[in-house]
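# sequence and predicted model, in that order:
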Amino acid sequence: MPELIIALPKGRLQDAALARLACAGVRVNGAALASRRLAIADETGRFRFIFVKPADVPVYVEHGIADCGVVGRDVLLESAADLLQPLDLKIGRCRIVVASPHPETVMNNFGMLRVATKYPRIAAEHFGARGLPIEIIELSGSVELAPVLGLSDCIVDVVETGRTLAENNLSIVEVICESTARLVVNRASYQLKAKTVADLIRALGEGVRQETFA
Amino acid sequence: MSEPLSNIPRGMRYYCGTEARLRREVEDMAMSVFDGWSYEEITTPSVDYYALFEHGMGRQQAELAFKFTDTDGRLLALRPDVTSSVARAAATLFAGRERPLRLCYAAPVFRQKGQSHAEWRRESTHIGCELIGADGIEADMEVVAIAVEVLQRLELAQHDYCITLNDVEIFNGVAERHALDDSARERMRRLVDSRDAAELQNFLAPHASTDERAGFARLIQLSGKQETLAEARRLITNPRSVAALNRLEELWRVIESLDLTDYFEIDFGDVSGLDYYTGLTFKIYLSGAGTRVGGGGRYDKLTSNFGRPEPAIGFVFDLDALTDVLARSNTSVAMREQDGTVAPLSNDDPATLFFEATAMRAKRERVLIKSGEAVQCRN
């Protein structure tokens, strides 16, 4: 039995997350990683990694199937999962923004806004706080197309470099929040495996600090 | 078109077989422990005025109740908790009774939504007890000891469960020191609750010195035993928090003297239900359940909502979460099969058959009537 099961997001964040863990002394063997197995152990056998879609990381951790996980703040906010988030890993930095081909019409709209997004909860909360009623059009990809083709007035999406936005003639109207990857921990595991979890947080935190001051 | 009757509303379920027996066993065991500590069983109304729960649990929690209207138009609710009703009874019906009151219950409660996605049930059975009209370390320890006894009797492996302890006054002392208003206090509570030390430091930047910020941020991630208390003493100095630390340390000494420290952790990050609790809080975790399976604490303000302020402390176990874990584990409680097999009784003469059967029942033996013809069910 591994001491700790850690859920990692496949894709964009995976390599950066593994690098962070390696800094904390938790390493996986390259061959195992190259295989298509979705669950692999680290070199010591103390930890087991499971690789899942980013949006599924909070699900596995909230149910206690994984003790910890690495997940972007954007995904975490959207999931509204009841999790502990003791550490900002400072990787996968991006912003969650409102973008539109016509920023001024979005800011001067007091009636009803059509918002295309993969983040319906974040969008609803953001415009709700401003008191502006919106129609949410939930999409699963290529969100930038929606306002260009007239499906929506604006989008709520994550932006890393801003290139995709620019290429589709969208500009940022507002930044809702910054997002970086977080270490999340299941509430029960945090207590029942207190020592192992605390050691991992400390080791990871040390790595983050060293890099920040380097 | 009508909905198919096979559909069951979300969050509801049947129990049968081993699981049903396990539930009954755990409930009976817990109630016998309560009885052993001289707690008297109380059955509260399943349906009550919504206003009761609003006063008893706070609006945020009460809103999760299933609501409907009475014939006179007043808002009713299917009880989302038992404590509200017990507290009202203590302040009204039992106002004249000698203190302290020791009351216990096992009853289903209904909520439209759980705190986490993992809490999918909308009906769950609360097994709990309340000690009303008693204050101080003795009362706190009594309730904690009862919780431990129930856990011990589940025959789980050691390290498979843990009770976390905290005192909400530690947080309140810090909030008071920085003169936070209600919304700022709630924001700080959320940051502490999610153990977000970095964000907490940013949040406190306009309010506190660098050292103080770092100290408090460190404190909320601390979880441990005696050494945690010592560390907290170095980090926190405001008088309100220190008084709470003293109480916690006193309780810890008793736990230590009973050699029970293996079952406990001190967790300064546990700040849920801050508006409800007024002192000691505890949460119960079981290996195999991703969420807490129980919890409680001191709620000295609650009964004043019903016109009679007095100290009170209590806790509940979630029977369903508990039996879920037991059913999946290999503990002896789960594995114990119903004893003895029964030979079915049969006789062509019903009078003889039931003479025999009732005679066996008089000796408390198990009886199984073999039906003459098993009727096939037609679909």
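Happy to help now that I have it.

# drop to CA atoms for contacts and neighbour counts, all remaining ones
OK.

# for B:V168, list the residues it contacts.
Under the criterion of C-alpha atoms under 8 Å, 6 or more residues apart in numbering or on different chains, the neighbours of B:V168 are B:A244, B:V271, B:L274, B:Y277, B:T278, B:G279, B:L280, B:T281.

# check contacts around the closest residue to the second one other than its chain neighbours.
Setting aside the residues directly before and after it, B:V271 is nearest to B:D193 in space (C-alpha to C-alpha, 6 or more residues apart in numbering or on different chains), at 5.7 Å. By C-alpha under 8 Å, 6+ apart, B:D193 lies in contact with A:L84, B:G269, B:D270, B:V271, B:S272.

# may I ask which helix or strand encompasses the most centrally placed residue in chain B?
For chain B, B:V316 is the residue whose C-alpha lies nearest the centre (C-alpha atoms, centre = their mean; 2.5 Å). Assessed by DSSP states H and E, B:V316 sits inside strand B:312-318.

# any part of that strand near chain A?
No - judged by C-alpha under 8 Å from any C-alpha of the partner chain, strand B:312-318 and chain A are separated, with a smallest distance of 14.7 Å.

# residues touching the closest residue to B:K283 other than its chain neighbours, list them.
Counting by C-alpha to C-alpha, 6+ apart, B:K283 lies nearest to B:G295, which is 4.0 Å off, once chain neighbours are set aside. B:G295 makes contact with B:T281, B:F282, B:K283, B:I284, B:F315, B:V316, B:F317, according to C-alpha under 8 Å, 6+ apart.

# which one of those residues has the most neighbours?
Sorting the contacts of B:G295 by how many neighbours each has (other C-alpha atoms under 10 Å in any protein chain shown) puts B:T281 first, at 28 neighbours.

# residue contacts, that one?
B:L165, B:N166, B:D167, B:V168, B:D270, B:G295, B:G296, B:G297, B:R298.

# closest to B:L93 among these?
The nearest member of these to B:L93, counting by C-alpha to C-alpha, is B:R298 at 21.5 Å.

# for the closest one, list each beta-bridge partner.
Counting by DSSP bridges, B:R298 forms beta bridges with B:I313.

# give me the number of residues near it?
B:R298: 28 surrounding residues under other C-alpha under 10 Å.

# what do you get for B:E227?
With other C-alpha under 10 Å as criterion, B:E227 counts 12.

# ok, the residue nearest to B:S287 when sequence neighbours are not counted - contacts?
Spatial nearest neighbour of B:S287, chain neighbours left out: B:D160 (4.9 Å); criterion: C-alpha to C-alpha, 6+ apart. The neighbours of B:D160, taking C-alpha under 8 Å, 6+ apart as the test, are A:L192, B:L286, B:S287.

# check the secondary structure at the closest residue to the first one other than its chain neighbours for me.
Looking back up the chat, that one is A:L192. Nearest residue to A:L192 in three dimensions, chain neighbours excluded: B:C162, at 6.3 Å (C-alpha to C-alpha, 6+ apart). What DSSP: H, G, I helix; E, B strand; the rest coil gives for B:C162 is strand.

# hang on, B:C162 packs against A:A194?
No - B:C162 is beyond contact range of A:A194, at 10.2 Å (criterion: C-alpha atoms under 8 Å).

# higher neighbour count, those two?
For B:C162 and A:A194, the more surrounded residue by other C-alpha under 10 Å is B:C162, and the numbers stand at 24 against 15.

# check the more buried one and give its pLDDT.
Listed pLDDT for B:C162 reads 92.

# tell me the contacts of it?
Applying C-alpha under 8 Å, 6+ apart to B:C162 gives the contacts A:Q191, A:L192, B:Y263, B:F264, B:E265, B:I284, B:Y285, B:L286.

# which pair in those has the greatest spatial separation?
Within those, B:E265 and B:L286 form the most distant pair, 13.1 Å apart (C-alpha to C-alpha).

# coming back round to it: for the contacts of B:T281, give me JSON lines that also has pLDDT and distance to A:R182.
Shown next, in JSON lines, are the contacts of B:T281 (pLDDT from 0 to 100; distance: C-alpha to C-alpha, whole Å):
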{"residue": "B:L165", "pLDDT": "96", "distance to A:R182": "26"}
{"residue": "B:N166", "pLDDT": "95", "distance to A:R182": "25"}
{"residue": "B:D167", "pLDDT": "95", "distance to A:R182": "28"}
{"residue": "B:V168", "pLDDT": "94", "distance to A:R182": "27"}
{"residue": "B:D270", "pLDDT": "90", "distance to A:R182": "20"}
{"residue": "B:G295", "pLDDT": "94", "distance to A:R182": "28"}
{"residue": "B:G296", "pLDDT": "95", "distance to A:R182": "30"}
{"residue": "B:G297", "pLDDT": "95", "distance to A:R182": "31"}
{"residue": "B:R298", "pLDDT": "95", "distance to A:R182": "33"}
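
# tell me which of these fall in helices.
Of the contacts of B:T281, the ones assigned to helices by DSSP state H are B:V168.

# closest one of the contacts of B:T281 to chain A?
Ranked by distance to chain A (C-alpha to the nearest C-alpha), the contacts of B:T281 are led by B:D270 at 10.0 Å.

# what separates the closest residue in space to the closest one that isn't next to it in sequence from B:R185, distance-wise?
Once flanking residues are discounted, B:D270 sits nearest to B:D193: 6.0 Å by C-alpha to C-alpha, 6+ apart. Going from B:D193 to B:R185 by C-alpha to C-alpha, to the nearest Å gives 12 Å.

# re earlier: could you dump the contacts of B:D193 to JSON lines with neighbour count and distance to B:L76?
Converted to JSON lines, these look like this (neighbours: other C-alpha atoms under 10 Å in any protein chain shown; distance: C-alpha to C-alpha, whole Å):
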{"residue": "A:L84", "neighbour count": "24", "distance to B:L76": "35"}
{"residue": "B:G269", "neighbour count": "27", "distance to B:L76": "35"}
{"residue": "B:D270", "neighbour count": "25", "distance to B:L76": "32"}
{"residue": "B:V271", "neighbour count": "25", "distance to B:L76": "30"}
{"residue": "B:S272", "neighbour count": "14", "distance to B:L76": "26"}
